[in-house]
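> just a sequence and a predicted model for now, questions to come.
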Amino acid sequence: MSVLTIQDISKKFADVDVIKHLNLQVNEGEFVSILGPSGSGKSTLFSLIGGILTPDEGTITLKGEKINSQTGAVSYMPQSPSLLPWRNVLQNVLLGQELKGTKDTNKAVEMIEKAGLAEYIHSYPHELSGGMKQRVSFIRALLSPQPIILLDEPFSALDELTRLDMQKWLLSIWENNRRTVLFVTHNLEEALFLSDRIVILSNKPATIAAEFVIPFARPRKEELLLDDGFLQWKRKIYYELKSFME
Ligand SMILES: Nc1ncnc2c1ncn2[C@@H]1O[C@H](COP(=O)(O)OP(=O)(O)OP(=O)(O)O)[C@@H](O)[C@H]1O
């Protein structure tokens with residue numbers, strides 16, 4: 001069943017077409033990644049879905065309801081963790097639920113413990129590392145009641161090893177929860193490792209240039225990254241991406 005349906009949306013800034021006639025559907029429990037050249041309109045697309053921007057044309061529908069220009073309908077995790085500095089870890093995790101009037105402290109505590117952050121539950125953001133802040137931010141998104149989570153390059157600021165740790169962690173948490181996720185990344189390997197489906201945006205004006213259903217079984221383990229099948233897929237999508245950058 002489709003959770004998010006984007007129908008024929010277009011967006012211009014001044015006279016420049018940034019998104020043109022873009023169609024995309026995300027199904028219940030699916031993990032879909034969006035890959036595209038820099039400046040192709042990935043963040044603009046997220047701002048449209050999040051209601052921060054209004055499309056010039058087209059419709060964005062969430063579970064059958066039109067959400068053009070509507071903020072708060074989706075759960076959003078930005079590139080840098082936007083934790084409130086005056087709230088501790090538990091209070092930050094509960095924020096998304098509080099805004100929607102549904103608070104489940106026990107579940108929040110359980111998730112924080114599962115994330116290996118039990119001893120930091122009453123710590124403040126300035127006492128956490130970058131990876132820890134991202135975990136808190138992701139748990140908050142995961143526990144928010146909206147039907148879809150948008151993740152905008154959540155690991156881009158992390159070093160390579162922390163990034164791999166975070167990918168493995170996110171995957172294990174997600175495979176146990178199966179929330180519907182739309183994920184933006186520049187990193188092809190990351191998209192392949194995490195996703196059920198990868199969508200490639202064309203250069204500006206952005207439209208869906210190609211789409212791949214990723215067949216690797218779940219749960220996925222780190223060893224997959226070295227598997228021949230994985231490398232073949234990486235090559236295939238790499239050439240597809242490259243053809244849009246030339
Ligand atoms: N508010 C705005 N006003 C004018 N132009 C804008 C605005 N926001 C974005 N753009 C332009 O729209 C295009 C797409 O930008 P966007 O940030 O969505 O791309 P992106 O794919 O997320 O880029 P990156 O991968 O580098 O983060 C760019 O050419 C950008 O300059």
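Everything's here; your move. Numbering: from 1, shown residues only.
> please name the bridge partners of the spatially most central residue of the chain.
Centroid-nearest residue in the chain, with Cα atoms, centre = their mean: residue 151, separated by 2.2 Å. Using DSSP bridges, the bridge partners assigned to residue 151 are residue 77, residue 183.
> which ones are touching it?
When contacts are counted by Cβ atoms under 8 Å, 6 or more residues apart in numbering, residue 151 touches 77, 138, 141, 181, 182, 183, 184. To be clear about C-beta, it is placed using only N, CA and C from the backbone, and glycine gets the same treatment.
> contacts with the ligand among those residues, please.
By Cβ under 6 Å from any ligand atom, no member of the contacts of residue 151 lies near the ligand.
> specify which member of those is nearest to the ligand.
The closest of the contacts of residue 151 to the ligand turns out to be residue 184 (Cβ to the nearest ligand atom; 7.1 Å).
> is it true that residue 163 touches residue 154?
No: contact status for residue 163 versus residue 154: not in contact, 9.7 Å apart, counting by Cβ atoms under 8 Å.
> and the two? which has more neighbours close in?
residue 154 (24 against 18; other Cβ atoms under 10 Å).
> so that one: helix, strand or coil?
Look at residue 154: counting by DSSP: H, G, I helix; E, B strand; the rest coil, its state is coil.
> state the distance from it to residue 190.
10 Å (Cβ to Cβ, to the nearest Å).
> likewise for residue 10?
For residue 10 relative to residue 190 (Cβ to Cβ), the value is 29 Å.
> which one of those two has more residues nearby?
Remark: of residue 10 and residue 190, residue 190 carries more neighbours, 23 against 18, as counted by other Cβ under 10 Å.
> that's a helix at the more buried one, yeah?
Yes: under three-state DSSP, residue 190 sits within a helix.
> tell me which element the closest residue to it other than its chain neighbours falls in.
Counting by Cβ to Cβ, 6 or more residues apart in numbering, the nearest residue to residue 190 once its immediate chain neighbours are dropped is residue 167, at 6.0 Å. Element membership of residue 167, judged by DSSP states H and E, is helix 160-177.
> residue 34 and residue 199 touch, don't they?
Yes: if you go by Cβ under 8 Å, residue 34 and residue 199 touch, sitting 5.2 Å apart.
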